[in-house]
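S.K.: compute the structure for the input listed below.
(4 chains)
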2 protein chains.
Amino acid sequence: MSDQLSPGRPPLLFLTDEELRKGIEAMFFAYRGFTADPDRILDQHGYGRAHHRALHFIHRSPGTTVNNLLSILGVTKQSLNRVLRTLIDEGLVEARVGTRDKRERHLFLTASGNVLEQELAEAQRTRMRAAYREAGPEAVRGFRTVLEAMMDPEMRHHFGLLKDPES
Amino acid sequence: MSDQLSPGRPPLLFLTDEELRKGIEAMFFAYRGFTADPDRILDQHGYGRAHHRALHFIHRSPGTTVNNLLSILGVTKQSLNRVLRTLIDEGLVEARVGTRDKRERHLFLTASGNVLEQELAEAQRTRMRAAYREAGPEAVRGFRTVLEAMMDPEMRHHFGLLKDPES
DNA sequence: TTGGATAGTCAACAAGGCTGACATAAAACG
DNA sequence: CGTTTTATGTCAGCCTTGTTGACTATCCAA
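M.R.: Residues are numbered from 1 along each chain as shown, chains lettered A, B, ... in the order given. This next block holds a predicted model:
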């Protein structure tokens, strides 16, 4: 469909449809590995991936608002609310009414929320660490570079640059 | 939890928890981008990601059996069957009863199945191509190296080495 | 030839997406 | 001050795609 061989210029063999197909499948299989370990832990606790995502980003940005989380996760408020509700009801997350703007809820992990988040994060880090170590620092730089180029621009904005808690 | 600074040896700064966290979030955001374009197309046709995966791997290995597809996709046969059923009923996939073993169904894309598969694949390749081009060949090598190291060993086996059709 | 393994199908349930409608409270604005 | 907008929550209902369990058809080996 779109292989290109530009005469005179470098052949760009890494852009052939076949190479792209391998990249696509690599993403698919790797993502499965990436989520496999947390999935097992979540299952034991009766949670799902959606809970993991919420715990992760609340841990990363304590005090973040529901709206902020929504735009990071890219789901509807109804969908997030269901997950957040169980996490709050079961005491893993605390939602404090904003002091400046009382419409907002600022989200924090409780002690037990932190325990689970750490368990999940450490499982995921362990796999990532093994992969990084095996691949080496140069490959890791390339990995990050390609991933960032693959994000939607809006997500690239969220990446590494999150809104902070209540001032 | 596990940052390491080994005195005398290189500092391994790419293995700090903070670097690992960035890698984890990069995977999350990039995977969203990776699936965004096909998702839009699938939506127009009334299909989901599961249909895309089936079309992709049947395209890649024409004549593959349901069982083979099962082990690649890592879902239950009941889950795959539902998706396969709609694709067969709507004429995108053909299932031929095996000649040697009549229990087996060998799967092929029909003409219209091929059309949709190509549309999906081209959309995904376009994003991947842009990311590859932006990142450059060396980064792409690193990307692939880390992804392969992140897969479960069994998936690494499926990757680049698929079973063939009915001999 | 029969019993166990293998391939696939059907039914029913659960998680977690989605839309739409609606409620409330607070902020912002004219 | 009154109106509008914003932030959040909730109810109801739908869809996709995962799951388990039960079942049928076929093959193969004892």
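
S.K.: what ranges does chain A have for its strands?
M.R.: In chain A, the segments counted as strands under DSSP state E are A:64-65, A:93-97, A:105-109.

S.K.: could you identify the longest helix within chain A?
M.R.: As assigned by DSSP state H, the longest helix anywhere in chain A is helix A:17-45.

S.K.: any chance of the strands of chain A in a markdown table, with distance to chain B too?
M.R.: To be clear about C-beta, it is placed using only N, CA and C from the backbone, and glycine gets the same treatment. Converted to a markdown table, the strands of chain A look like this (distance: least, C-beta to the nearest C-beta, whole Å):
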| stretch | distance to chain B |
| --- | --- |
| strand A:64-65 | 14 |
| strand A:93-97 | 19 |
| strand A:105-109 | 15 |
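
S.K.: give me whichever of the ones you listed is most buried.
M.R.: Of the strands of chain A, the one with the most neighbours on average (mean count of other C-beta atoms under 10 Å in any protein chain shown) is strand A:64-65, at a mean of 22.

S.K.: any idea how far DNA strand C is from the most centrally placed residue in chain A?
M.R.: The centre of chain A sits closest to residue A:53, judged by C-alpha atoms, centre = their mean, with a distance of 6.5 Å. From residue A:53 across to DNA strand C, the span is 7 Å (C-beta to the nearest atom of the strand, to the nearest Å).

S.K.: just the helices in chain A please.
M.R.: A:17-45, A:49-60, A:66-73, A:77-89, A:111-135, A:137-150, A:153-158.

S.K.: mean pLDDT for those helices: which is lowest?
M.R.: Note on these: lowest mean pLDDT is at helix A:153-158, with a mean of 88.

S.K.: tell me if that one is near DNA strand C.
M.R.: No - Helix A:153-158 lies out of reach of DNA strand C by C-beta under 7 Å from any atom of the strand, never closer than 14.1 Å.

S.K.: give me the contact list for that helix.
M.R.: A:71-72, A:74, A:148, B:29, B:32-33 (C-beta atoms under 8 Å, 6 or more residues apart in numbering or on different chains).

S.K.: what do you get for stretch A:37-54?
M.R.: A:35, A:69, A:73, A:75, A:79-80, A:83-84, A:86-87, A:93, A:116, A:119-120, A:123-124, A:126-127, B:28.

S.K.: ok, stretch A:59-76 next?
M.R.: A:50, A:53-54, A:57-58, A:77, A:80-81, A:84, A:95-96, A:98, A:104-109, A:114, A:117, A:121, A:155, A:158, A:162-166, B:21, B:25, B:32.

S.K.: list buried residues within these.
M.R.: A:50, A:53-54, A:57-58, A:80, A:84, A:95, A:104-109, A:114, A:117, A:121, A:155, A:158, A:165, B:21, B:25, B:32 (16 or more other C-beta atoms under 10 Å in any protein chain shown).

S.K.: restrict these to contacts with DNA strand D.
M.R.: Answer for the buried ones among the contacts of stretch A:59-76 near DNA strand D (C-beta under 7 Å from any atom of the strand): A:84, A:95, A:104-105.

S.K.: which among those residues gets closest to DNA strand C?
M.R.: residue A:104 (8.3 Å; C-beta to the nearest atom of the strand).

S.K.: for the closest one, give me the backbone phi and psi.
M.R.: Dihedral pair for residue A:104: phi -80, psi 150, per degrees, to the nearest 10.

S.K.: and the residue of chain A closest to chain B?
M.R.: Closest approach between chain A and chain B, counting by C-beta to the nearest C-beta: residue A:142, at 2.2 Å.

S.K.: once you drop chain neighbours, what's closest to that residue?
M.R.: Among residues not flanking residue A:142 along the chain, residue B:142 sits closest, at 2.2 Å (C-beta to C-beta, 6 or more residues apart in numbering or on different chains).

S.K.: residue A:132 is in contact with the one you found, correct?
M.R.: No - using C-beta atoms under 8 Å, residue B:142 is not in contact with residue A:132; the gap is 10.6 Å.

S.K.: any common contacting residues for the two?
M.R.: With C-beta under 8 Å, 6+ apart as the test, residue B:142 and residue A:132 both reach residue A:140.

S.K.: out of the helices of chain A, which is the most enclosed?
M.R.: helix A:137-150 comes out most buried of those by mean count of other C-beta under 10 Å, with a mean of 22.

S.K.: packing partners for that helix?
M.R.: helix B:17-45, helix B:111-135, helix B:137-150 (3 or more C-beta pairs under 8 Å, 6 or more residues apart in numbering or on different chains; DSSP states H and E).

S.K.: would CSV of those with distance to residue A:138 be doable?
M.R.: Shown next, in CSV, are the helices and strands packed on helix A:137-150 (distance: least, C-beta to C-beta, whole Å):
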stretch, distance to residue A:138
helix B:17-45, 14
helix B:111-135, 13
helix B:137-150, 6
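
S.K.: distance of residue A:46 from residue A:86?
M.R.: Applying C-beta to C-beta, to the nearest Å, the value for residue A:46 to residue A:86 is 9 Å.

S.K.: actually residue A:120, not the one I typed
M.R.: Counting by C-beta to C-beta, the gap from residue A:120 to residue A:86 is 16 Å.

S.K.: residue of chain A nearest DNA strand C, please.
M.R.: For chain A, C-beta to the nearest atom of the strand, closest residue to DNA strand C: residue A:48, 1.3 Å.
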